[in-house]
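S.K.: Need a 3D model of the sequence below.
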Amino acid sequence: MMEQQVNKFGILANWRKIIPTMVTLSALFFAFASILSTQEAMRLGTPALLALSAQYIMIALILDGLDGNLARWFKGTTDFGAELDTFVDFLAFGVAPAALLYAILLDGPSALWRVILPLAIVFSSALRLARFRLKDPFRGQEGFIGLPVTVNSSWIALAAFAAQVMYPEEHLLVKGPVAIVFQFFIILMISLQLSNLRYPKASNKIRFFAPAGLLVLFLWILSETYAAWLAIALIFICFMYVLIGPMIHKRSTEVGRQ
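M.R.: Next up, the predicted model:
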């Protein structure tokens, strides 16, 4: 009896570690939900479900930033939590967006391309995260080595959501000039993921993370039309982060040394 009480109090005493872990597992849930939603969209021939898949990826993105912040605020960071987060990142921001892109490209002319591009996303994400675990002892707290996998996944999810809501019958991301730009930036981003460029980590700063989390929640709250325009605005933010992120990191590092 006494031993059971000791174990119970031991679990309660670890709440600082348990809460961030539960948030991480919630991100894993939404990543898996995105994959299931994508599969259902293909099985039922219901492209509208792809917008839901995209929303799930964005929810996983916010939860992925929240778990680390909670661990730091509660002083509950652990090696286990850090390792778990890496595996969740691979599923949520490597596999889930790759599956979503594959479903989008089913309407394209090339069966080979619809396999190659999603596979490149999976490979790049796996290599990026493996290097992250081995080469970055600060786990991104002092800036990422290479573009974070969350950026490319956001690019795919937000574009898929906006296109599906605003132009559900036109296959904007598959054929035509918009598709060329969309797919070109995917190739660019998965290349930058393996580069040595340094990018700032914004999610550990509450003044950036809180507004971003609120905007993502609005993707669920607003009407579809307004949510689609919000997604386009967030796409632009992704675009700017890719272009000027290394310059911002370099400047912040130089300021920190002064």
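S.K.: got the residue ranges for the strands in the protein?
M.R.: Here the chain has its strands, by DSSP state E, at 144-145, 198-199.
S.K.: Quickly, which of those bottoms out on average pLDDT?
M.R.: In terms of mean pLDDT, the lowest-scoring of the strands of the chain is strand 144-145 (a mean of 84).
S.K.: Check which helices and strands that one sits against.
M.R.: Applying 3 or more Cβ pairs under 8 Å, 6 or more residues apart in numbering; DSSP states H and E, we find strand 144-145 packed against helix 113-135, strand 198-199. Every C-beta, even on glycine, is put in place using the N, C-alpha and C of the backbone.
S.K.: for the ones you listed, which one sits closest to Ile206?
M.R.: With Cβ to Cβ as the measure, strand 198-199 is the member of the helices and strands packed on strand 144-145 nearest Ile206 (18.9 Å).
S.K.: Which of the helices and strands packed on strand 144-145 has the highest mean neighbour count?
M.R.: Most buried of the helices and strands packed on strand 144-145, by mean neighbour count (mean count of other Cβ atoms under 10 Å): strand 198-199, with a mean of 20.
S.K.: May I have the strands that pair with it, each with its orientation?
M.R.: The strands beside strand 198-199 in its sheet (DSSP bridges) come out as strand 144-145 (antiparallel).
S.K.: quick one: the strand it pairs with to chain centroid distance?
M.R.: 15 Å (Cα atoms, centre = their mean, to the nearest Å).
S.K.: circling back: just put the strands of the chain in TSV and tack on distance to Pro97.
M.R.: Listed next are the strands of the chain as TSV, based on distance: least, Cβ to Cβ, whole Å:
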stretch	distance to Pro97
strand 144-145	18
strand 198-199	18
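S.K.: Could you pull out the helices in the protein for me?
M.R.: Applying DSSP state H to the chain gives helices spanning 2-13, 15-44, 48-73, 79-90, 96-104, 113-135, 149-166, 177-192, 206-221, 224-257.
S.K.: Tabulate the ones you listed (a markdown table), appending mean pLDDT.
M.R.: Shown next, in a markdown table, are the helices of the chain (pLDDT from 0 to 100):
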| stretch | mean pLDDT |
| --- | --- |
| helix 2-13 | 51 |
| helix 15-44 | 91 |
| helix 48-73 | 88 |
| helix 79-90 | 86 |
| helix 96-104 | 96 |
| helix 113-135 | 90 |
| helix 149-166 | 94 |
| helix 177-192 | 95 |
| helix 206-221 | 81 |
| helix 224-257 | 85 |
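S.K.: List just the one of those that sits closest to Pro200.
M.R.: helix 224-257 (4.4 Å).
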